[in-house]
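> for reference, the sequence and a predicted model appear below.
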Amino acid sequence: MQPTTTYAMIMLVAGVGIPVLAALNAALGTRLGSPVAAASILFVVALLSTLLVLMFDRPGAMAGAASAPKHLFLAGCLVAFYVLSITVVAPQFGIGNAVFFVLLGQLISAAAIDHFGLFGALVSPLSLTRASGIALMAAGVFVTQQV
């Protein structure tokens with residue numbers, strides 16, 4: 001299988017996982033009566049899972065963390081914001097609605113990051129064709145939310 005196909009399949013599975021994560025964590029937050037407790041449990045499980053993978057992948061990789069630019073650690077805050085917001089909002093707004101608006105935000109920010117090469121990303125200018133595709137995807141998200 002081509003690396004591009006492999007990457008696409010991995011990201012497809014990751015995408016499938018986002019609404020599942022939202023539904024599971026929203027249900028846990030409702031059951032516990034605390035979305036913050038559910039998010040905390042999610043992060044403990046995620047930490048243990050990633051540490052397990054790290055042990056087999058590159059055990060010494062954490063040594064370089066102290067010298068990394070501090071703004072790169074903001075990604076953790078963004079993950080926390082996503083998990084907390086989806087856990088709080090999804091039970092009242094619906095999993096589909098919540099995830100579709102997350103998708104819309106992802107389309108917008110991904111286009112900006114790629115266009116400007118932000119955070120070291122590969123530069124992929126926002127052409128008229130690409131902008132039209134993103135607009136079409138956004139329209140699709142909007143149409144799916146119409147009752």
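Noted; the coordinates are in hand. Numbers count the residues shown, from 1 in each chain.
> what helices or strands is the longest helix seen in the chain leaning on?
Counting residues, the longest helix in the chain under DSSP state H turns out to be helix 3-32. Helix 3-32 is packed against helix 35-57, helix 74-93, helix 95-116, with contacts defined by 3 or more CB pairs under 8 Å, 6 or more residues apart in numbering; DSSP states H and E. For glycine as for every other residue, the C-beta is placed from the backbone atoms N, C-alpha and C.
> could you give the angle of that helix to helix 74-93?
60 degrees (axes from the mean of the first three to the mean of the last three CA atoms, to 10 degrees).
> mind listing what's buried in helix 3-32?
18-19, 21-23, 25-26, 28-29 (16 or more other CB atoms under 10 Å).
> repeat for stretch 120-140
Per 16+ other CB under 10 Å, stretch 120-140 contains these buried residues: Ile134.
> quick one: contacts of that stretch?
104, 107-108, 111, 113-117 (CB atoms under 8 Å, 6 or more residues apart in numbering).
> relative to helix 95-116, how tilted is the helix or strand of the chain with the lowest mean pLDDT?
The least trusted helix or strand in the chain, going by mean pLDDT, DSSP states H and E, turns out to be helix 128-144, with a mean of 87. Our comparison of helix 128-144 with helix 95-116, counting by the same axes, to 10 degrees, yields an angle of 170 degrees.
> for helix 128-144, what is the distance to the chain centroid?
Offset of helix 128-144 from its chain centre (CA atoms, centre = their mean, to the nearest Å): 19 Å.
> no more questions from me, cheers.
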